[in-house]
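Asker: structure for the following, please:
(chains A and B)
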Protein chains: 2
Amino acid sequence: MSDVLTPAAPDASALVADRLLTVAVVGATGAVGLELIGCLERRGFPVGSLKLLASERSAGKTCRFKGRDVVVETLARDSFIGVDVALFATDAAISQVFAPIAAAEGALVVDNSSAFRMHWDIALVVPEVNGALLASRPRIVANPNCVAAIAVTALQPLHARFGMTRLIGSTYQAASGAGAEAMAELRDSTAAYLAGEAFEPKVLPHPYAFNVFSHNTTIDPATGYNGEETKVMDEVRKIMSLPDLRVSVTCVRVPVLRAHSMALTVEFDQPVSVAEAEALLAAAPGVRVVNDAKANHFPMPNEASGADDVLVGRIRQDLSDPTGRTLSLFIAGDQLLKGAALNAVQIAEALAG
Amino acid sequence: MSDVLTPAAPDASALVADRLLTVAVVGATGAVGLELIGCLERRGFPVGSLKLLASERSAGKTCRFKGRDVVVETLARDSFIGVDVALFATDAAISQVFAPIAAAEGALVVDNSSAFRMHWDIALVVPEVNGALLASRPRIVANPNCVAAIAVTALQPLHARFGMTRLIGSTYQAASGAGAEAMAELRDSTAAYLAGEAFEPKVLPHPYAFNVFSHNTTIDPATGYNGEETKVMDEVRKIMSLPDLRVSVTCVRVPVLRAHSMALTVEFDQPVSVAEAEALLAAAPGVRVVNDAKANHFPMPNEASGADDVLVGRIRQDLSDPTGRTLSLFIAGDQLLKGAALNAVQIAEALAG
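Answerer: Modelled structure (predicted):
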């Protein structure tokens, strides 16, 4: 193997798995950043040198990687010299500025923000669905919205066989989608509620303890859909190459820490068989069927948390469609893993492989 | 007014509001029973004498009513002598035996269990929807499933104008639907989770702290739908007099204490106007529109808890239906009030009025 200090070749296509890579994690101290570091270690990504970048506020902190403390540096324009792979877990505004800089330095960039997802010339990738787009080794790849990534992983094997024509979804989204501070607010506000104490929400706009609320993104006055819902609908269409898919999603925050669940109503262009759907899902990459009707055991966020697979269950013929072309499903996936860090590292593996 | 000790006339149609009534609450110490007592007091139901009945285990306990302690008696076959109105908040098995006994004694019975709901000759009533059925003063009236009662209250004004043809719903159901012990388990298991302690669920089949799970009723192997979902679908059809309504519901338990929320996709037989839908809902009895897009303020269980009205918001044209005939809604209602006790007392008011 080559020297880990060797700068990345400006031609990123020279990257191969038998060489250790210099990897940057940008936004390293956030909820997704920490999971990225964990995924790189757990999955044995060929990291020669790990560079952790964050805002000035977090610089000097340390994160554990392979038994060592790595010091977080302040993100700057010259941070990406010599970086082979840059994984961004930053706000769209930060990604917008620094992802192109990293790419210009020769790094392969996987960006977790919404900055590039809907750009016509940027690949938006869930490897199990459209990983073929990575063969051309694009310099910037967008990592999807968490709900979209989890949903398409479960939908693709069914679409490939039956042809999806309409999707209606209701989400049960965890705190982690709003970051580590929202997770802390859920814990703290719940503890206060149980103690009978007042609690003033600071991170989220509504009380979160034992409560449910519509996703806290801006409502589009033209459609009545909120920003999260619009992202999910747009991104599902793009990832699955179904620009005309009829889709409607209702995004709802529930008091769960880190895994998203969804009730999905999926219409196809031909009658579907529940048994065949279950068999297809059982054989699909990234999916685990959890569908034990006798034990009343179906996908739950507590079992999806920390799991790489998207859990799929409650697979049944939708009784509101007498033509037999519609399935109902209930799924759960880890928002920080398949919904964010795991998918980004899977993309990086494919790019660097 | 007549003497409160006067026995009820065997002909219940003789009941009039200018006479104080002998009212029995059966299952008085449960979550719904306590709310029934509260509703009777708060709404000024003409109670002359209140009889609280429960299993032997609860006999001797006291409940507050209008500033006095009322002692709970053991439910027995002779409990209903002289009772004008009997409100049952018991299991179906208990109602099956004792509701007919109460009716035979001349009481008007409102039964909150599932025992009589789908009997062809028993009225299943939400007063705002099909209260006209009470004009004939039926001896036993069934009070609907909580999800069905809350949903139809919001759907009826839209159906009356546009004609509902299909309903797809996903629920976010509170602990209270599984009784006071489930509410306690949610609190206790959450406290244990926050303290890092183990907790063994006793009331519900799955961990409830910061978790979501498919409703814990038996799955029908023929359809894949669980018992709760089947009840909701059957009862919505019956209450709204839409025997052929195409309907599918996914029932999910979320860590909320006492109000149910639902995401509803509602198809009509003609194009709908969002503005007209909102105006109809704003004018509808039992409904409160909570639909402030600018403030991101929509129906939430914490605001529905303790409220008589069903909160309705997120009223928008469903983007998955290009014909413009489908609305999306998000609603929340108190499971113990409109979903149970309040609706039962409203029925009793209409019967006794």
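Asker: where do the helices sit along chain A?
Answerer: A:31-42, A:92-104, A:127-130, A:146-162, A:180-194, A:227-239, A:274-283, A:301-304, A:342-352 (DSSP state H).
Asker: and those: which comes nearest B:Arg137?
Answerer: Among these, helix A:180-194 comes nearest to B:Arg137, with 44.4 Å by C-beta to C-beta. Placement of C-beta: from N, CA and C, glycine included.
Asker: okay, now the unreliable bits of the stretch 1-150 of chain A?
Answerer: Applying pLDDT under 70 to the stretch 1-150 of chain A flags residues A:1-18.
Asker: what sits against whatever residue of the stretch 101-250 of chain A ends up closest to chain B?
Answerer: The nearest approach of the stretch 101-250 of chain A to chain B comes at A:Gly224, 2.9 Å away (C-beta to the nearest C-beta). The neighbours of A:Gly224, taking C-beta atoms under 8 Å, 6 or more residues apart in numbering or on different chains as the test, are B:274, B:293, B:314-317, B:328.
Asker: now with 6 Å, please.
Answerer: Contacts here follow C-beta atoms under 6 Å, 6 or more residues apart in numbering or on different chains; on that basis A:Gly224 touches B:Arg316.
Asker: now do the one 4 residues further on
Answerer: With C-beta under 6 Å, 6+ apart as the criterion, the residues that contact A:Glu228 are A:215, A:217, A:251.
Asker: rewinding a little: dump the helices of chain A to TSV, plus distance to B:Gln335.
Answerer: Below are those laid out as TSV (distance: least, C-beta to C-beta, whole Å):
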stretch	distance to B:Gln335
helix A:31-42	33
helix A:92-104	39
helix A:127-130	39
helix A:146-162	27
helix A:180-194	18
helix A:227-239	26
helix A:274-283	31
helix A:301-304	22
helix A:342-352	37
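Asker: about what we covered before: and the contacts of A:Glu228, which are buried?
Answerer: For these, a burial check counting by 16 or more other C-beta atoms under 10 Å in any protein chain shown picks out A:215, A:251.
Asker: any idea which of the contacts of A:Glu228 is closest to A:Val85?
Answerer: After measuring the contacts of A:Glu228 against A:Val85 - C-beta to C-beta - the closest member comes out as A:Thr217, at 29.9 Å.
Asker: can you give me the neighbour number for the residue nearest to that closest one when sequence neighbours are not counted?
Answerer: Using C-beta to C-beta, 6 or more residues apart in numbering or on different chains and skipping the chain neighbours, the partner closest in space to A:Thr217 is A:Gly227 (3.3 Å). By other C-beta atoms under 10 Å in any protein chain shown, 15 other residues sit near A:Gly227.
Asker: from B:Arg325, how far off is the residue of the stretch 101-250 of chain A closest to chain B?
Answerer: The gap separating A:Gly224 from B:Arg325 is 16 Å, by C-beta to C-beta, to the nearest Å.
Asker: repeat for A:Leu342
Answerer: Look at A:Leu342 and B:Arg325: by C-beta to C-beta, they are 40 Å apart.
Asker: looking at these two, which is more packed in?
Answerer: Of the pair A:Leu342 and B:Arg325, A:Leu342 is the one with more neighbours under other C-beta under 10 Å, namely 25 against 19.
Asker: OK, contacts around the more buried one?
Answerer: A:39, A:308.
Asker: separation between A:Ala222 and A:Glu73?
Answerer: 43 Å.
Asker: which of these two has more neighbours?
Answerer: Between A:Ala222 and A:Glu73, A:Glu73 has the larger neighbour count (other C-beta under 10 Å), namely 17 against 6.
Asker: any idea what the more buried one is bridged to?
Answerer: A:Glu73 forms beta bridges with A:Leu53, as assigned by DSSP bridges.
Asker: what does A:Leu311 give?
Answerer: Beta-bridge partners of A:Leu311, as defined by DSSP bridges: A:Arg288, A:Ala332.
Asker: assess the claim that it and A:Ala304 are in contact.
Answerer: Yes - applying C-beta atoms under 6 Å, one finds A:Leu311 in contact with A:Ala304, separated by 5.2 Å.
Asker: any common contacting residues for the two?
Answerer: In contact with both A:Leu311 and A:Ala304: A:Ala332, using C-beta under 6 Å, 6+ apart.
Asker: the residue nearest to A:Thr217 contacts A:Asp220, correct?
Answerer: No - assessed by C-beta under 6 Å, A:Gly227 is found out of contact with A:Asp220, at 7.4 Å.
Asker: residues in contact with A:Arg139?
Answerer: Going by C-beta under 6 Å, 6+ apart, A:Arg139 touches A:Ala103.
Asker: distance check, it against A:Val109.
Answerer: 6 Å.
Asker: how far does stretch A:21-37 sit from the chain's center?
Answerer: Relative to the mean C-alpha coordinate of its chain, stretch A:21-37 is positioned 14 Å out (C-alpha atoms, centre = their mean, to the nearest Å).
Asker: list the buried residues in that stretch.
Answerer: A:21-37.
Asker: stretch A:61-69 now?
Answerer: Buried-residue list, stretch A:61-69, by 16+ other C-beta under 10 Å: A:63, A:65.
Asker: ends of that stretch, how far apart?
Answerer: Stretch A:61-69 stretches 9 Å from its first residue to its last (C-alpha to C-alpha, to the nearest Å).
Asker: next: stretch A:330-341.
Answerer: This stretch, stretch A:330-341, spans 22 Å end to end (C-alpha to C-alpha).
Asker: what are the contacting residues of it?
Answerer: In contact with stretch A:330-341 (C-beta under 6 Å, 6+ apart) are residues A:32, A:35-36, A:39, A:112, A:146, A:149-150, A:154, A:174, A:176-177, A:258-263, A:298-299, A:301, A:304-305, A:307-308, A:310-314.
Asker: how far does that stretch sit from the chain's center?
Answerer: 6 Å.
Asker: again with stretch A:321-337
Answerer: Counting by C-alpha atoms, centre = their mean, stretch A:321-337 comes out at 17 Å from the chain centroid.
Asker: what residues does the stretch 51-200 of chain A put near chain B?
Answerer: Counting by C-beta under 6 Å from any C-beta of the partner chain, the residues of the stretch 51-200 of chain A close to chain B are A:166, A:168, A:170, A:172, A:191, A:194.
Asker: the second one: neighbouring residues, count only.
Answerer: Looking back up the chat, that one is A:Ile168. Neighbours around A:Ile168, by other C-beta under 10 Å: 28.
Asker: so what's it up against?
Answerer: A:248, A:265, B:265, B:320.
Asker: and these, which of them are in strands?
Answerer: Among those, the members found in strands (DSSP state E) are A:248, A:265, B:265.
Asker: how about the first one: what's its closest non-neighbour residue?
Answerer: Leaving aside its sequence neighbours, A:Ser248 sits nearest to B:Ser320 (C-beta to C-beta, 6+ apart; 3.9 Å).
Asker: what of the last one?
Answerer: The shortest distance from B:Thr265 to any non-neighbouring residue, by C-beta to C-beta, 6+ apart, is to B:Ile168 (4.2 Å).
Asker: save the contacts of A:Glu228 as a markdown table, and put in pLDDT and distance to B:Ala160 too.
Answerer: Shown next, in a markdown table, are those (pLDDT from 0 to 100; distance: C-beta to C-beta, whole Å):
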| residue | pLDDT | distance to B:Ala160 |
| --- | --- | --- |
| A:His215 | 98 | 31 |
| A:Thr217 | 96 | 33 |
| A:Cys251 | 98 | 30 |
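Asker: where does the stretch 251-353 of chain A come near chain B, residue by residue?
Answerer: Counting by C-beta under 6 Å from any C-beta, the stretch 251-353 of chain A sits next to chain B at A:254-257, A:261, A:263, A:265, A:293, A:296, A:298, A:300-302, A:314, A:316, A:318-320.
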